[in-house]
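Chemist: A structural model of the following input is requested.
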Amino acid sequence: MKILITGGKGQLGNELLRIIKSGQAEIGSLEKAKEYEVVSYDVDKLDISNLNKVREILNLEKPNVVINCAACTNVDGCESNEELAFKVNSLGPRNLAIISEEINAKLVQVSTDYVFSGEEREVPFREYDLTSPYSVYGKTKLMGEEFVRQYSKKAFIVRTSWLYGYVGHNFVYTMRRLGSEKEFLTVVNDQKGNPTHANDLAYHILKLIETEEYGIYHCTGKGECTWYDFAKKIMELSKLNCEVRPCTSEEFKTPAKRPEYSSLDNMMLRCTIGDEMRNWEEAIESFIKKLK
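Modeler: Okay, here's the model as predicted:
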């Protein structure tokens with residue numbers, strides 16, 4: 001099987017490559033992955049918003065599976081540059097879906113919990129729940145999902161949340177850096193979701209592509225917390241003497257409005273290949289131990 005990964009230098013692309021090379025994820029063995037032929041592209045070699053370039057590269061490489069990890073993920077930045085967000089998060093998946101269908105390749109589109117608003121919600125979202133994004137980021141990612149559903153018959157749409165990995169920028173690294181510099185931090189305590197280890201997500205994606213179980217999936221760490229809870233746990237595990245103080249979203253205003261509640265339920269995983277995602281506390285403990 002030949003796999004083409006877009007956004008290969010990002011935190012999820014990095015974990016996919018790590019597992020394929022070793023045949024081993026942190027939560028289990030994937031020996032078959034070592035047999036895959038894999039090519040990885042980043043924006044310098046493949047701009048997914050350019051349909052002609054996507055057609056050229058996919059026809060050159062002829063992959064059996066395309067995994068799209070490329071995205072414009074700066075949530076606040078998307079508010080000030082809607083056109084870029086639309087090109088990368090909406091047109092990019094559309095282009096990959098069109099050409100993947102032409103070459104009969106499976107497509108994995110990675111999406112987000114931000115397709116939900118979570119207003120007056122206390123129960124995790126399932127795959128069939130109605131979407132209602134607040135932000136440009138959420139809206140453009142949702143349109144990317146819709147394009148994939150429209151143009152590809154062999155697609156896995158995988159929604160995840162609060163992702164962190166060993167490379168790139170993420171909340172864990174930001175908290176550790178600020179925690180080593182400051183005596184206290186203020187973090188919102190009224191947005192709730194699921195922290196997700198990129199290695200665990202990559203493992204499930206690689207299991208999915210061996211199947212024909214196409215559709216929408218939620219794939220997040222088990223259990224839920226607020227950003228404040230998450231930050232406190234990071235400081236505790238990192239042994240940083242930085243006090244974390246709670247605040248409201250109203251007090252900590254950002255250009256993009258975040259979901260109030262965006263916990264996801266991995267129902268589709270449970271009903272198909274199985275849900276082996278770790279509890280978020282177990283996963284972040286493992287992650288920080290490896291950093292040390």
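Chemist: Identify the residue nearest the geometric centre of the protein.
Modeler: The central residue of the chain, meaning the one whose C-alpha is nearest the mean C-alpha position (Cα atoms, centre = their mean), is residue 160 at 4.6 Å.
Chemist: isn't that residue right up against residue 110?
Modeler: Yes - shown here, residue 160 and residue 110 form a contact pair, counting by Cβ atoms under 8 Å, at 6.6 Å. In short, each C-beta sits where N, CA and C put it, glycine included.
Chemist: Check whether residue 156 really touches residue 219, as I assumed.
Modeler: No - in terms of Cβ under 8 Å, residue 156 does not count as a neighbour of residue 219; the distance is 9.8 Å.
Chemist: Identify the contacts common to those two.
Modeler: Counting by Cβ atoms under 8 Å, 6 or more residues apart in numbering, the contacts common to residue 156 and residue 219 are residue 205.
Chemist: which residues does the residue lying farthest from the centre of the chain contact?
Modeler: Relative to the centre of the chain, and counting by Cα atoms, centre = their mean, the farthest-placed residue is residue 183 at 31.0 Å. Neighbouring residues of residue 183 by Cβ under 8 Å, 6+ apart: 241, 242, 243.
Chemist: same deal with residue 116?
Modeler: With Cβ under 8 Å, 6+ apart as the criterion, the residues that contact residue 116 are 125, 129, 131, 132, 133, 138, 259, 262.
Chemist: Where do the strands of the stretch 51-200 of the chain begin and end?
Modeler: Shown for the stretch 51-200 of the chain, the strands assigned by DSSP state E, counting those that start in this stretch span residues 65-68, 106-112, 155-160, 163-164, 184-188, 192-193, 196-197.
Chemist: closest to residue 146 out of these?
Modeler: strand 155-160 (9.6 Å; Cβ to Cβ).
Chemist: neighbouring strands for the closest one, and are they parallel or not?
Modeler: On the basis of DSSP bridges, the sheet neighbours of strand 155-160 come out as strand 106-112 (parallel), strand 215-218 (parallel).
Chemist: elements contacting the helix or strand that comes right after the shortest one?
Modeler: Counting by DSSP states H and E, the next helix or strand C-terminal to strand 215-218 is strand 225-226. Here strand 225-226 is seen to pack against strand 192-193 when contacts are counted using 3 or more Cβ pairs under 8 Å, 6 or more residues apart in numbering; DSSP states H and E.
Chemist: Select, out of the strands of the stretch 51-200 of the chain, the one closest to residue 172.
Modeler: With respect to residue 172, and counting by Cβ to Cβ, the nearest of the strands of the stretch 51-200 of the chain is strand 163-164 at 4.5 Å.
Chemist: Can you name every helix or strand that that closest one contacts?
Modeler: Packed on strand 163-164, when contacts are counted by 3+ Cβ pairs under 8 Å, 6+ apart, are helix 11-22, helix 171-181, strand 196-197, helix 198-208.
Chemist: out of these, deepest packed?
Modeler: Among those, strand 196-197 has the highest mean neighbour count (mean count of other Cβ atoms under 10 Å), at a mean of 28.
Chemist: What is the nearest of the contacts of residue 116 to residue 230?
Modeler: Proximity to residue 230 was ranked across the contacts of residue 116 by Cβ to Cβ; first place goes to residue 262, at 13.1 Å.
Chemist: Contacts only, for that closest one.
Modeler: Contacts here follow Cβ under 8 Å, 6+ apart; on that basis residue 262 touches 113, 114, 116, 118, 125, 161, 191, 192, 193, 194.
Chemist: Including pLDDT, could those residues go into TSV?
Modeler: As requested, those are exported to TSV (pLDDT from 0 to 100):
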residue	pLDDT
113	98
114	97
116	96
118	84
125	97
161	98
191	96
192	96
193	97
194	98
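Chemist: circling back to that earlier point, and the furthest pair within the contacts of residue 116?
Modeler: Greatest spacing in the contacts of residue 116, by Cβ to Cβ: 129 and 138 (14.0 Å).
Chemist: about what we covered before: and of the strands paired with strand 155-160, who's closest to residue 55?
Modeler: strand 106-112 (14.3 Å).
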